[in-house]
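quick one: sequence and predicted model below, then my questions.
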Amino acid sequence: MKAFDSYVSGHGPQLLDIPGTDNQSLGQVNPEFVKALAQANSPYIDDMLGNPLDDTKGFGEPLDGDLTDKQMPRMRDLFAVIDSNKEAAEILNSHAYVTGLQYQGNFEQSIINGEMPN
């Protein structure tokens, strides 16, 4: 998954305006592929951020490397390409929302437990 994500996120602008397609995006040219990419990425959103919530393996480093660039351009571009198809956007963004809620829940629980929040 990381290999696909690295490619897509490294070519975001080109995949949002594919030459020779009358300014179409990848989501318009190949909607089934983009939906499959969204579905395949759903379990790895936390891994892309370098803060896994579950036991997924194999993603490795966060998509944006050491995360010093808070704009997270690679993750932003990956989401932009997937968001170029409405159905794919709904798949990935709903999982991203749930991941955010899980992070909030973990933060709240660490406060309740008297631990240092992660």
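Alright, I've got the coordinates.

and the spatially closest residue to Ala40 that is not a sequence neighbour, what does it touch?
Distances taken as Cβ to Cβ, 6 or more residues apart in numbering place Met1 nearest to Ala40, at 5.9 Å, with adjacent residues excluded. (Each C-beta comes from the backbone N, C-alpha and C, glycine too.) Taking Cβ atoms under 8 Å, 6 or more residues apart in numbering as the contact definition, Met1 lies against Ala40, Asn41, Tyr44, Gly58, Phe59.

ok, 10 Å please
Contacts for Met1 were tallied using Cβ atoms under 10 Å, 6 or more residues apart in numbering; they are Leu37, Ala40, Asn41, Pro43, Tyr44, Asp47, Met48, Thr56, Gly58, Phe59, Gly60, Leu63.

and those residues, which two are the farthest apart?
For the contacts of Met1, the maximum inter-member distance is 18.0 Å, found between Leu37 and Gly60 (Cβ to Cβ).

who has more neighbours out of these two?
Leu37 (24 against 10; other Cβ atoms under 10 Å).

buried ones in the helix ranked longest in the chain?
Across the chain, the longest stretch assigned as helix under DSSP state H is helix 86-112. Neighbour-count burial for helix 86-112, with 16 or more other Cβ atoms under 10 Å as criterion, is recorded at Ala88, Ala89, Ile91, Leu92, His95, Ala96, Thr99.

for stretch 27-40, same thing?
Neighbour-count burial for stretch 27-40 flags Gly27, Asn30, Pro31, Val34, Lys35, Leu37, Ala38 (criterion: 16+ other Cβ under 10 Å).

low-confidence ranges, the protein, go.
Screening the chain residue by residue with the criterion pLDDT under 70, one finds the ranges 118.
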